[in-house]
Every structure is written in C-alpha cells, then in structure tokens.
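*Asks:* Let me see the structure of the following:
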Amino acid sequence: FFELSRNSTDCLYCNSTLSIMALEEPSVLLALIQRVRLWFVRLWVILQLCLYIWKGSVLPYDASDLAGDVIFAFAVIALQRFEVYFGRKGNLIHNKGSLGISLVLSTLSIVSFLYFMLWQTYVLKVEFYTSLVAVVLVAFQAIMTCVHILRLI
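*Replies:* Residues are numbered from 1 along each chain as shown. Next up is the predicted model:
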C-alpha cells in the first residue's frame, strides 16, 4: 500500500515520514521465553493435578484445603494466559502499556508460584523444584520485558 524510497523512510505517496519505531522488530528472545513458559506451565499444571490426586488419597489432606489448592492452580493457568497475552501483544505492536500490564502480572505470577513452593499445606520436593523453575522463567521474562520497555523509550 505504501512504498518506501530506497534511501530514507519517506513515504512516496503520503508526504510524511514513517517512524523508525514502525520498522523496529519485536524481541525474539521475549517471544521465545513466553512460548517456553506457556508450555512449561501446562506441564506444571498437569503435574500439580496428578500430585493433588496422590496427596488426596495418601496424605491426611483436609478437603477444603485440597479444593482451594486445585482452584488456585486453575487460577494460575488463567493468570499465565493473560500475562502471556499482554506480553505477546506488547512485544508485537510495541505497546508499553501492554508490556507494563504483563510486568504487573509477572509479579503476581511469582507470588503464586512462591505459594506453591513454600506456603501450601504439603509441599513435595518435586513441587518445590518445578515451581522454582517456573519462578526463574517468570523472572527472566520480567527482565526481558523491562529491557524491551526500555528499548521502546
């Protein structure tokens, strides 16, 4: 629709100059870590649900605590989806607002994974280490999001 001249970013038909921001590419590393996190969280939830079935049958787990932890695990799925959605949107269209929302949701994600690492009723070693990996992935994505926001300023 619009053609660019070879030597500059001047638009040949509209007598205006396109911004360099429109020519900037999204962060590939941020997109990659978002994709890895999404797959890891899916596997994490499957592991958590299997462990809750085991905990409910073997350990003296109160039914209300078990139900609360399962509901919280599903809430973490929703939180991760929103976080990755806003992060991906902000990365692709260079929207600082969406990246900021993703950064706030990253903080909530870290707190939710810390709950599964430290504060739930029974914490198994496999839960601790998988939640630790999730915290590291979220922290790395938050750092990459901050770097991308600073690149956009």
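
*Asks:* can I assume D65 sits in a helix?
*Replies:* Yes - applying DSSP: H, G, I helix; E, B strand; the rest coil, one finds D65 inside a helix.

*Asks:* Nearest residue to it in space, please, no chain neighbours.
*Replies:* Excluding the flanking residues, the one nearest D65 by Cβ to Cβ, 6 or more residues apart in numbering is T121, at 4.9 Å. Every residue, glycine included, has its C-beta placed from N, CA and C.

*Asks:* For burial, what's the neighbour tally of that neighbour?
*Replies:* Neighbours of T121 under the rule other Cβ atoms under 10 Å: 13.

*Asks:* and it, what does it touch?
*Replies:* With Cβ atoms under 8 Å, 6 or more residues apart in numbering as the criterion, the residues that contact T121 are 61-62, 65-66, 69.

*Asks:* cutoff 10 Å now
*Replies:* Residues counted as contacts of T121 (Cβ atoms under 10 Å, 6 or more residues apart in numbering) are 55, 59-62, 65-66, 68-69.

*Asks:* Report pLDDT for it.
*Replies:* As predicted, T121 sits at a pLDDT of 86.

*Asks:* and what of the one 10 residues further on?
*Replies:* In the predicted model, S131 carries a pLDDT score of 96.

*Asks:* Report the buried residues of the helix or strand that contains it.
*Replies:* Under DSSP states H and E, the secondary-structure element containing S131 is helix 125-152. Within helix 125-152, the residues that count as buried by 16 or more other Cβ atoms under 10 Å are 127, 130-131, 134-135, 137-138, 140-142, 144-145, 148-149.
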